[in-house]
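Peer 1: this one's structure only:
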């Protein structure tokens with residue numbers, strides 16, 4: 001079976017061979033390629049974006065053939081050139097399956113249109129990550145006030161990148177996403193939320209279920225109540241509104257009243273340290289907003305921004321934490337929640353999107369309504385004060401996550417989906 005993968009980043013091996021900057025591809029792409037190579041005799045063709053429209057790349061690295069496709073510097077724009085790139089590659093390779101990862105960018109529609117021209121639309125399957133048309137319409141602003149949504153820093157003004165503008169960009173890309181899903185014959189999802197969203201857009205689409213495989217490092221290591229930093233909380237992302245860090249700070253203001261030593265860790269640049277002219281020129285309004293909230297709630301000594309963490313550093317930060325929190329306004333199936341669960345880190349998550357597919361309230365962790373940070377604070381208190389509780393949740397979560405994110409099972413499920421599509425089952 002020949003499988004052509006349409007991805008959003010290039011593999012490091014391709015970048016090195018072609019003299020391009022090395023990007024880190026999404027973990028599930030590497031995991032999927034490794035699983036295919038370990039569990040089948042499939043040949044793999046890999047397609048990746050290139051913003052240099054004058055350059056076309058094709059070649060081989062190891063057992064993988066690869067092609068570039070055009071990407072506009074403005075990622076909200078549809079590329080006819082990308083459509084031609086896909087048409088040429090599909091026609092040359094004649095794959096049995098064309099597997100597109102994600103619907104977030106216009107190239108997904110370009111690939112589907114190319115397949116349609118070749119009469120091979122029934123060979124295309126799209127793996128769903130987020131669904132940005134739904135996110136833009138319902139979730140992106142994450143409860144922020146109209147005043148804060150429209151405010152901007154100099155950097156935001158010059159780049160036309162205020163929070164309101166970011167939402168509009170999601171809406172533009174979402175229009176291409178909707179058109180792509182309407183044309184799709186097959187999609188791969190993993191939660192009740194993405195099933196509901198996709199079948200509303202295209203009631204006729206064939207929905208295939210397959211769980212995700214996590215990053216390699218997270219299959220090693222186990223959380224220990226004795227070895228974690230007491231009263232510490234880890235939030236894996238804090239850089240834009242829908243990740244809900246502003247709501248986490250609101251909950252933290254309640255938590256520190258009972259636990260003055262409570263400490264919140266997150267990734268990214270500390271907005272309080274962006275003081276020089278050049279730093280202020282790069283500061284987003286959301287960063288400014290977060291810095292303002294930290295000061296308002298008196299949390300200067302209770303919040304640490306850790307900067308960029310690589311895979312192993314992320315795993316170690318999880319293991320050091322008393323609790324992991326996902327305060328997002330929307331998630332499909334959060335890889336961060338999955339990573340915490342498989343390590344056994346006690347989890348508190350907003351009850352949004354597909355999270356209920358991953359965990360059950362009171363058994364594998366705690367769920368709370370996104371717009372009720374006082375309930376997040378309540379569950380953090382229970383994690384901190386009820387000693388047997390987090391250990392029980394940890395054990396249950398690890399057991400469930402080992403099944404959800406089982407590498408071998410997920411690889412075989414994906415191969416069965418491919419076989420069903422090829423056989424038109």
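Peer 2: Yep, it's here. In this text the structure is predicted, and so the values were computed from the model without any measurement. Residues are numbered from 1 along each chain as shown.

Peer 1: what helix or strand is the closest residue to residue 38 other than its chain neighbours on?
Peer 2: Distances taken as Cβ to Cβ, 6 or more residues apart in numbering put residue 411 closest to residue 38, at 7.2 Å, once the chain neighbours are dropped. C-beta here means a position set from N, CA and C on the backbone, and glycine is covered the same way. Assigned by DSSP states H and E, residue 411 belongs to helix 407-422.

Peer 1: what does residue 381 give?
Peer 2: Using DSSP H and E, residue 381 falls in helix 373-385.

Peer 1: next, the buried residues of the next helix or strand after that helix.
Peer 2: Counting by DSSP H and E, the next helix or strand C-terminal to helix 373-385 is helix 388-404. By 16 or more other Cβ atoms under 10 Å, the buried positions in helix 388-404 come out as 389-391, 393-394, 396-398, 400-401, 404.

Peer 1: what is the nearest of the residues you listed to residue 74?
Peer 2: residue 404 (36.9 Å; Cβ to Cβ).

Peer 1: quick one, grab the pLDDT at the closest one.
Peer 2: The model reports residue 404 with a pLDDT of 96.

Peer 1: residues touching it, list them.
Peer 2: The contact partners of residue 404, by Cβ atoms under 8 Å, 6 or more residues apart in numbering, come to 211, 338, 341, 358.

Peer 1: any of those buried? List them.
Peer 2: Of the contacts of residue 404, these count as buried by 16+ other Cβ under 10 Å: 211, 338, 341, 358.

Peer 1: residue ranges for the helices of the stretch 1-150 of the chain, please.
Peer 2: Applying DSSP state H, counting those that start in this stretch to the stretch 1-150 of the chain gives helices spanning 12-18, 27-39, 80-93, 107-118, 132-138, 146-150.

Peer 1: closest to residue 320 out of the ones you listed?
Peer 2: helix 27-39 (20.8 Å).

Peer 1: tell me the gap between the closest one and the middle of its chain.
Peer 2: With Cα atoms, centre = their mean, to the nearest Å as the basis, helix 27-39 stands 17 Å off its chain's centre.

Peer 1: so it versus helix 407-422, what angle?
Peer 2: 80 degrees (axes from the mean of the first three to the mean of the last three Cα atoms, to 10 degrees).

Peer 1: picking up where we left off before, so which of the buried residues of helix 388-404 is the closest to residue 346?
Peer 2: residue 390 (4.1 Å).

Peer 1: residues contacting the nearest residue to the closest one once chain neighbours are set aside?
Peer 2: Nearest residue to residue 390, sequence neighbours excluded (Cβ to Cβ, 6+ apart): residue 346, at 4.1 Å. Contacts for residue 346 were tallied using Cβ under 8 Å, 6+ apart; they are 223, 322-324, 365, 383, 390, 393-394, 397.

Peer 1: do the same with residue 329
Peer 2: Residue 329 neighbours (Cβ under 8 Å, 6+ apart): 139-143, 241-244, 247, 350, 352, 370.

Peer 1: turn the helices of the stretch 1-150 of the chain into TSV, including distance to residue 317 and mean neighbour count.
Peer 2: Conversion of those to TSV gives the following (distance: least, Cβ to Cβ, whole Å; neighbours: other Cβ atoms under 10 Å):
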stretch	distance to residue 317	mean neighbour count
helix 12-18	24	16
helix 27-39	16	17
helix 80-93	37	19
helix 107-118	33	23
helix 132-138	26	20
helix 146-150	29	13
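
Peer 1: could you point out which of these sits nearest residue 58?
Peer 2: Nearest of the helices of the stretch 1-150 of the chain (Cβ to Cβ): helix 80-93, 7.8 Å.

Peer 1: ok, how many other residues are close to residue 376?
Peer 2: 27 (other Cβ atoms under 10 Å).

Peer 1: gap between the residue nearest to residue 390 and residue 398?
Peer 2: Counting by Cβ to Cβ, to the nearest Å, the separation of residue 346 from residue 398 is 11 Å.

Peer 1: quick one, helices of the stretch 151-300 of the chain?
Peer 2: Going by DSSP H, counting those that start in this stretch, the stretch 151-300 of the chain shows helices at 154-159, 163-183, 192-201, 245-258, 277-281, 285-296.

Peer 1: mean confidence (pLDDT) on the last one, please.
Peer 2: What helix 285-296 shows for mean pLDDT is 96.

Peer 1: what's the answer for the fourth one, then?
Peer 2: Mean pLDDT, computed over helix 245-258, is 98.

Peer 1: can you give me the buried ones in it?
Peer 2: Applying 16+ other Cβ under 10 Å to helix 245-258 flags 245-256 as buried.

Peer 1: can you pull the contacts of the residue nearest to residue 102 when sequence neighbours are not counted?
Peer 2: Nearest in space to residue 102, with sequence neighbours left out and distances taken as Cβ to Cβ, 6+ apart, is residue 129 at 4.4 Å. The contact partners of residue 129, by Cβ under 8 Å, 6+ apart, come to 101-104, 332.
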